[in-house]
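In: Let me see the structure of the following:
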Amino acid sequence: MTNQTMTQEAVRERAQEAFRNHLKHLSGGDIEAWVELWEENGVLEFPYGPAGFPDKKEGKAELYDYMQNFPKHFEVQFTELEFHLTEDPELVIAEFKSVGKHRETGNPYNQTYISVVETRDGKITYYRDFWNPLVAIESVGSVNDAVRFSE
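Out: Numbering: from 1, shown residues only. Got it, this is the predicted structure:
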């Protein structure tokens, strides 16, 4: 169904559902299903990554390579999801938290996020991931370990 035949509310719900599925697949460790939520050339951007951390990942292959080991390193559940309405129904702005731990260190990984996500026809096209890199560094043990995880 194209956007011309869908109501604004249906388009918004489809975009928010893609975001909910993003969280579900990450917390469930299903990275293959997570990658399928993305448009072929989708971009994941990290505006606040520490020095040495990638600025962005682009395309399904890069996204998969980047995230494939996430479930081996982190055990997380996402909570307190709140969507902020936007004029563009395909734009998702979400605030949420993660509660979990780094599997190797046992250190907590309790993060607060703000995400700005552009979608098209229910697929993620551009995702700006605003998170606190200090939480990740403390969870994995050091800046070098956080950067190594991102490689």
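
In: Could you pick out the longest helix of this protein?
Out: The longest helix of the chain (DSSP state H) is helix 8-28.

In: Hmm, Ser27 and Tyr77 touching each other?
Out: One correction, residue 77 is Gln, not Tyr. Yes - using CB atoms under 8 Å, Gln77 is in contact with Ser27, at 5.4 Å. (Each C-beta comes from the backbone N, C-alpha and C, glycine too.)

In: Name the residue in these two with the higher neighbour count.
Out: It is Ser27, of Gln77 and Ser27, that has more neighbours when counted by other CB atoms under 10 Å, with 19 against 12.

In: Enumerate every residue touching that one.
Out: Listed by CB atoms under 8 Å, 6 or more residues apart in numbering, the contact set of Ser27 reads 76-78.

In: Going by distance to Glu13, which of these wins?
Out: Phe78 (18.7 Å; CB to CB).

In: Do I have it right that the closest one meets Glu95?
Out: No - if you go by CB under 8 Å, Phe78 and Glu95 don't touch, sitting 11.0 Å apart.

In: higher neighbour count, those two?
Out: Legend: neighbour count by other CB under 10 Å for Phe78 and Glu95, higher for Phe78 (19 against 14).
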